[in-house]
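dropping the sequence and predicted coords here.
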Amino acid sequence: MLVTEAEAERHQLYRSCKWRSQRATTSALLGLVLLVFSGAMVLKFTSWSRHGALNNNSSDPILVDLTLVKNATEIGAVCLDGSPPGYHFLKGFDSGTDNWLIYLEGGGWCHDVESCNARKYTNLGSSNRMESQVPFTGILSNLPSNNPDFSNWNIVVIRYCDGASFSGDVEETNQNGTILYFRGQRIWKAVMEELFLKGLATANKALLTGCSAGGLATYIHCDDFKALLPNAETVKCMADGGFFLDVKDISGKSYIHDFYSDVVHLQDVGKRFPNCISQMDATKCFFPEEIIKGISTPVFVLNSAYDSVQVQSMLVPSSSDPSNSWADCKLDIKKCNSTQMKVLEGFRATLLDNINDVKKKKDWGIFIDSCYVHCQSWRNILWHGPNYQRINNKTMAESVGDWYFDRREVKEIDCSYPCNPTCVNDGS
């Protein structure tokens, strides 16, 4: 997606969504907004006119076919509507034949029967609605000019269709008269087993990554991924835009905590964190600040300090701003007044405080920029553009590559907004 298209989509969304103050309505809309931003925007797949044959001489993104997981229905590893989950697999070549990059698609969450039922009629709840082909760009690209370190690896995009970051597992399908399948944990296992048969079992190097809700899933499944590959030389994880903060909104309410609580209890996510839930509320265990405390596998935290989706949908949900005084600021950080910027600086400070221990881990990496954006690794221009999104003159691709291959320790934390002139724009 072009930057201008992303910006236009955001403006269209805010014009078309009639935000209401009631919590039930805004909670449902949060799921919709995150679905649009994190799913449709993160992997905005358009133009399916040609087959994705490997073509390193073309500047066009390669198109990769959808594969449905075999025997998924028999083992109950299915999307919200009961359809089999899917993935897109681009086979590696040359020196990357034995290396694997697994990308978990994002797309927000559904928090109640109503929102999950609506979701099952979209590509984030049913493989029947998924695109037959998708373009691989940014960290998924097979072009060295766009993706210098991982372009010849086996690259897999696992489609997101469970509504709870691949972490729920509920046997019962009848939810108050509505049939829904909460099987994200089973989907994760089924896809891994199928990829094992395609060569993942003998991987030499592997990287688990994902964006937004897929970034959260990356934190959740990082050690699982490492455990699957005990003989691999290097296994690491990189979460893009997935460090969601347990912060109060501008009205002082625990908006995102309450929303996550609904998700956790609806899909019985708590049992995914047995050690954590023995010490605290299960909802708290769904936030990265707690998840990272138990991860032993090296992780790279890629995030904006002013994550646009978190600001727009969690820090300043419509219910917290009945006068709509934040409308312009939420769309364009350049239009935030001094009082609003103080709030955003507090948000940034909370993120940096939550990753304070990461700074001390030599084998972990950090790239926290000051651009007003959400999910950056999938877009060529942000991942490895010649003039954009750099810290200390290093692109994200260079920084992640340096960290993964142990070329240098990477702990890049940008200065406060608006210090970085390489940001593509301030609302994409």
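All right, it came through fine.

okay, now the unreliable bits of this structure?
With pLDDT under 70 as the threshold, the chain has low-confidence stretches at 1-58, 425-428.

can you rerun that using 50?
Counting by pLDDT under 50, the chain contains low-confidence ranges at 1-57, 427-428.

the strands in the stretch 1-150 of the chain, which residues?
Using DSSP state E, counting those that start in this stretch, the strands found in the stretch 1-150 of the chain span residues 62-68, 86-90, 99-104, 133-136.

wait, which of those is closest to residue 275?
strand 99-104 (22.4 Å; Cβ to Cβ). All C-beta atoms are positioned from the backbone trio N, CA, C, and that covers glycine.

for that closest one, which strands pair with it and how are they oriented?
Using DSSP bridges, the strands paired with strand 99-104 are strand 154-158 (parallel), strand 205-211 (parallel).

got the contact list for it?
When contacts are taken as Cβ atoms under 8 Å, 6 or more residues apart in numbering, the neighbours of strand 99-104 outside the stretch itself are 92, 139-140, 150, 152-158, 160, 166, 195, 199-200, 203-211, 214-215, 217-218, 221, 225.

one more: stretch 219-237?
With Cβ under 8 Å, 6+ apart as the test, stretch 219-237 has contacts from 102, 104, 165-167, 188, 192, 196, 200-209, 218, 239, 242, 272, 288, 291-292, 294-300, 403-404.

I'd guessed residue 401 sits against residue 149; true?
Yes. Using Cβ atoms under 8 Å, residue 401 is in contact with residue 149, at 3.6 Å.

what about the two, which has more around it?
With neighbours defined as other Cβ atoms under 10 Å, residue 401 and residue 149 compare such that residue 149 has more, 21 against 18.

list the residues that contact that one.
Under the criterion of Cβ under 8 Å, 6+ apart, the contact partners of residue 149 comprise 397, 400, 401, 404, 405.

equivalent analysis for residue 369, please.
With Cβ under 8 Å, 6+ apart as the criterion, the residues that contact residue 369 are 304, 305, 376, 389, 391, 412, 414, 420, 423.

before we move on, the earlier item: pull out the buried members of the contacts of strand 99-104.
If you count burial by 16 or more other Cβ atoms under 10 Å, the buried members of the contacts of strand 99-104 come out as 92, 139-140, 150, 152-158, 160, 166, 195, 200, 203-211, 214-215, 217-218, 221, 225.

quick one: buried residues of stretch 295-304?
Counting neighbours by 16+ other Cβ under 10 Å, stretch 295-304 gives 295, 297, 298, 299, 300, 301, 302, 303, 304 as buried.

quick check: the third one touching residue 364?
If I follow you right, that is residue 298. Yes. In terms of Cβ under 8 Å, residue 298 counts as a neighbour of residue 364; the distance is 5.6 Å.
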